[in-house]
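Colleague: Compute the structure for the input listed below.
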Amino acid sequence: MQMLNIFAAMLGAYLVGSLSFAVIVSRLMGLSDPRSYGSGNPGATNVLRSGNKAAAVATLLLDALKGYLPVLAVVLWGGPWGLGLGAQGLVGLAAFAGHLWPLFFRFEGGKGVATAAGVLLALNPLLGAATLATWLIIAFFFRYSSLAALVAAVFAPFYQLLFWDFNAAVPSIIVMSLLLVWRHSANIGKLLAGTESRIGGKAREPAPAAPAAPAHAPGHKHSHDAAHEERKRARARRQGQLQPNDKGEGKS
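Modeller: Below is the predicted model of the structure:
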């Protein structure tokens, strides 16, 4: 019975996580689908590239809440149903997975940074605050959202183990961190290549190819040679080295 309760809670959390608020908010505010521009990622950072800060903030808060609320519900009311720390971690992981692979949006989801932050805040408010502080510090100094997310994802499990303890929710936290790093694999390549876009900037596009040299029209070379020969003949006439009949012209 306990396993059934855990499965039901995880299913509900996954469905909540499948609400892609980047797409929903953009549609409600008359903006383009965030999967069609910039990085193509349906997340707050990419929505910010639309120039609409209100839409980006709304996306950020709603994505965080869909990770926070399912876990908080288990924390508050899961005890009588046999849902402890392990179940809380699994519910958070399910909400996070819903954001990455949303059922309602053809499984085309985001990278899960805000949703993971919401999960951590519900599991351990101090851990969530420390992880958010890490993200803010890296983002402030380096202006790369992806770099800030990667550093925060790596540090989150270590914060839990160093300052608190190893509990039943830690495996879920570790899995979330690994998935966050994996989802940023393309960003890691861009960071190493120096092509990653900064916070608030537009995603960099490949440099346009150099225009091809215009093709010569048929007969161009022939007309060029004929003109060159005519100039030589004109110089020869001026120097008295060529008689008129050399061109096949008759005397008048």
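Colleague: Could you report the separation of residue 39 from residue 156?
Modeller: 23 Å (C-beta to C-beta, to the nearest Å). C-beta coordinates here come from the backbone N, C-alpha and C atoms, glycine included.
Colleague: between the two, which one's more packed in?
Modeller: residue 156 (26 against 23; other C-beta atoms under 10 Å).
Colleague: Help me confirm that residue 120 comes into contact with residue 156.
Modeller: Yes. Applying C-beta atoms under 8 Å, one finds residue 120 in contact with residue 156, separated by 6.3 Å.
Colleague: which neighbours do the two share?
Modeller: Shared contacts of residue 120 and residue 156, defined by C-beta atoms under 8 Å, 6 or more residues apart in numbering, are found at 127, 131, 173.
Colleague: Among those, which lie within helices?
Modeller: Within those, residues falling in helices by DSSP state H are 127, 131, 173.
Colleague: all strands of the protein, in order?
Modeller: For the chain, strands defined by DSSP state E do not occur.
Colleague: can you give me the helices for it?
Modeller: According to DSSP H, the helices that the chain contains are 2-17, 21-28, 44-48, 53-77, 85-100, 113-123, 125-142, 145-163, 170-183, 185-193, 220-238.
Colleague: Out of those, the one nearest residue 35 is which?
Modeller: Smallest distance to residue 35 across the helices of the chain (C-beta to C-beta): 7.1 Å, for helix 21-28.
Colleague: pLDDT of that closest one, averaged?
Modeller: Averaged across helix 21-28, the pLDDT comes to 95.
Colleague: Please enumerate residues in contact with stretch 174-187?
Modeller: So stretch 174-187 is in contact with 92-93, 96-97, 100, 111-113, 116, 119, 146-147, 149-150, 153-154, 156-157, 196, going by C-beta under 8 Å, 6+ apart.
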